[in-house]
Structure formats: structure tokens, C-alpha cells
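# Sequence and predicted model, in that order:
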Protein chains: 2
Amino acid sequence: MSGRSSKIAKHASEMTDEKIAQVAARLRILGEPMRLKILRAICQEEKNVQEIVQEVGAGQANVSKHLALMLESGIVERRKEGLNCYYRLEDENVFEICQLAVKSVERTLSGRLRRLRVKARA
Amino acid sequence: MSGRSSKIAKHASEMTDEKIAQVAARLRILGEPMRLKILRAICQEEKNVQEIVQEVGAGQANVSKHLALMLESGIVERRKEGLNCYYRLEDENVFEICQLAVKSVERTLSGRLRRLRVKARA
DNA sequence: CGTTTTAATAACCATTTGGTTATTTAATAA
DNA sequence: TTATTAAATAACCAAATGGTTATTAAAACG
């Protein structure tokens, strides 16, 4: 058994159905364009709801609902100041996950291109 | 501007709405318990549909639909041999994404515990 | 006090999605 | 050929989800 495959085997075996459900829930939260836009807006500096609403181009209620979900799940943090509520990205893992997802998408796209070329050659 | 924040700023600015939609689509595919179970089943060695069906405890049509989706998106690869179709995990990034998601979930859970203790103290 | 502003929440709707059943396609075997 | 088996697909349904509108809660201000 090689190093990599044994590592994968170990991690995979540790993935109980319960853990899988939790991981899926976390990834499903990130699998939504509007939520990613919100995270993009607040990943550098905290912003209040109105600023976020303006930046992502969505309704206030909609943004608040997405923020409530991400706050509940611990992805973002909230700081109240007078009438305003400032949100910031709290979980840095989220940022890394998105970077890996970008790599994954790019990998798929390049793979598609390669296959098209092979097909065209045949 | 510190090293980390500038790095984040750079990556965030490269995240166009188009790219965000692609990343969200990729993460949404992974944000589903049954699909993660299927990936767990085939991440070490390729398996045919029947083996996967038995392992994850779902209907054949359901598993086939999930596999078709992940094949189309380049996450898994297929090899036909006679009547059987063998599937394997093709995108290693997916595995890393899941590992990070586990870390993210664990981080949240420990954070919740800490808050509960703080609340109980008050 | 009442007014205004910000954000959260409730109610509702249209769409999407995961699962099931039934059918079809394709390869193998008799 | 016909029968059998594996996998894909179509059709359908119930549940979940994202977005909108309207309302509520709370803090700041006149």
C-alpha cells in the first residue's frame, strides 16, 4: 500500500455517515452563488448589511437570510454597533475550500478541452 | 497590507461572478450526503454500480443519476467492461475539499462548545 | 413621546432537487 | 434467436430552497 492511498484509506474510513452529513451540510451552504458573493464581499474587511446588499446586488431580506444561515453555521461572525450589524468572514477554511474548488473547476475545464481535441483528431 | 490579507485580496478580486457561479456549482455537487457516500466508496478503488449501490444503501436508479452528474462534471471517471461500469474518483481536489470541510465543521463545533461554556459561566 | 433607520423575521411563491418506479438500452449467455 | 443482466434514462412526486414582499424589533434621534 503506497503512502498516498493508505492516507486516503485512513481518511475515508474515518468518514462516518454522521460526519458525511455534516460535511455535506457545510459544502451545501457554500454551494450557492449569492452566498459566495457575500463572502467575497466580507472576506477582506467587515461590512454592514447595507454595504453588502449594495455590493452583491440583492434584496436586503435575502442577504439577511443568507447571513443568518452562515452565522448560525459559524462561517461568519457578527458585530453590532448601534443600528448597524457588521459581518466578517470567520472561518478561514472556507477560503481555502473555495480556492480548491477553483482548481477543481479549472482542472475539469482543461480536461474537457483536451478531450475535444482528441475527438476532433479522430 | 500584511501578506495574508493581500493574498486574500488578490484571490477575491479574481473571483468574477462567472467564476463564482462555477465554484458554487462544483460545491453544490459535493454538498449532498449520498454523493459523498458514493465518493467515499470509490475513492480508494474503482467499483461497479452494483457494488456502489450495495455499499451506500440506495436505489440503483438513484446511484446512477448521481454518478451521471459527477461524471458529467469531471469528478469521477468511468470504465466500461462488459455489462459492468466501473467508476473511480478522478479529481483529487475533491478529496482535499472534503478534508478541509471536516476541519471547518470541527472548528465550528469546538467554537459552539466554547460559547456554551462562556454562557454557562455568566 | 413619535419618527426614522437598520436588520431580522414571517409568509408566500416558483423553482430546484433527491428519490422512486417503470422503462429502455446494451452486452452476455443459453 | 430469445432470455438475462447491468446500467442509463424517463416520468413523476414530495420536500427543500432561493427570492420577494410585508411586517416586526430595536436602536438612534427629533
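Okay, I see it. Numbering: from 1, shown residues only, chains lettered A, B, ... in the order given.
# State the mean pLDDT of stretch A:58-76.
Averaging pLDDT along stretch A:58-76 yields 98.
# Could you list the buried residues of that stretch?
A:A58, A:V63, A:H66, A:L67, A:M70, A:S73, A:G74, A:I75, A:V76 (16 or more other C-beta atoms under 10 Å in any protein chain shown). No exception for glycine: its C-beta is placed from N, CA and C like everyone else's.
# Flag every residue of chain A that's near DNA strand C.
By C-beta under 7 Å from any atom of the strand, the part of chain A that sits against DNA strand C consists of A:48-50, A:60-61, A:64-65, A:67-68, A:78, A:83-85.
# Check these against DNA strand D and report the nearest one.
Using C-beta to the nearest atom of the strand, A:A61 is the member of those that sits closest to DNA strand D, with 3.0 Å.
# doesn't the closest one fall inside a strand?
No - A:A61: not assigned to a strand; according to DSSP: H, G, I helix; E, B strand; the rest coil it is helix.
# In chain A, where is pLDDT below threshold?
Applying pLDDT under 70 to chain A flags residues A:1-10, A:119-122.
# ok, which stretches of it are strands?
A:47-48, A:76-81, A:84-89 (DSSP state E).
# Identify the spatial nearest neighbour of the residue nearest the centre of chain A, chain neighbours not counted.
Chain A has A:L30 as the residue nearest its centroid, 3.5 Å off, counting by C-alpha atoms, centre = their mean. Distance criterion C-beta to C-beta, 6 or more residues apart in numbering or on different chains; nearest residue to A:L30, sequence neighbours excluded, is B:L27 at 4.7 Å.
# Now that the residue nearest to the centre of chain A has come up, it's in contact with B:I20, right?
No - in this structure, A:L30 is not within contact of B:I20 by C-beta atoms under 8 Å, at 10.8 Å.
# Need the residues touching each of the two.
A:L36 (C-beta atoms under 8 Å, 6 or more residues apart in numbering or on different chains).
# Number of residues surrounding the closest residue to A:L39 other than its chain neighbours?
Once flanking residues are discounted, A:L39 sits nearest to A:L89: 6.0 Å by C-beta to C-beta, 6+ apart. By other C-beta atoms under 10 Å in any protein chain shown, the residues close to A:L89 number 22.
# now do A:M15
Using other C-beta under 10 Å: A:M15 sits among 18 other residues.
# now it: how far from B:V94?
13 Å (C-beta to C-beta, to the nearest Å).
# Chain A against DNA strand D: which residues are in contact?
Near DNA strand D, when you scan chain A using C-beta under 7 Å from any atom of the strand, you find A:28, A:32-34, A:58-62, A:65-66, A:82-83.
# Just name the closest of those residues to chain B, please.
A:R28 (3.0 Å; C-beta to the nearest C-beta).
# Report the contact partners of the closest residue in space to A:V23 that isn't next to it in sequence.
Excluding its sequence neighbours, the residue lying closest to A:V23 (C-beta to C-beta, 6+ apart) is B:A101, at 4.5 Å. Contacts for B:A101 (C-beta under 8 Å, 6+ apart) come out as A:V23, A:R26, A:L27, A:N93, A:I97.
# show me the contacts for A:C98.
A:C98 touches A:L30, A:L36, A:L39, B:M15, B:V23, B:L27, counting by C-beta under 8 Å, 6+ apart.
# Need the strands of chain A in TSV (columns: distance to B:R107).
Below are the strands of chain A laid out as TSV (distance: least, C-beta to C-beta, whole Å):
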stretch	distance to B:R107
strand A:47-48	22
strand A:76-81	12
strand A:84-89	13
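# what comes up buried for the longest helix anywhere in chain A?
Looking across chain A with DSSP state H, the single longest helix is helix A:92-121. For helix A:92-121, the neighbour count (16+ other C-beta under 10 Å) marks A:93-95, A:97-105, A:107-108 as buried.
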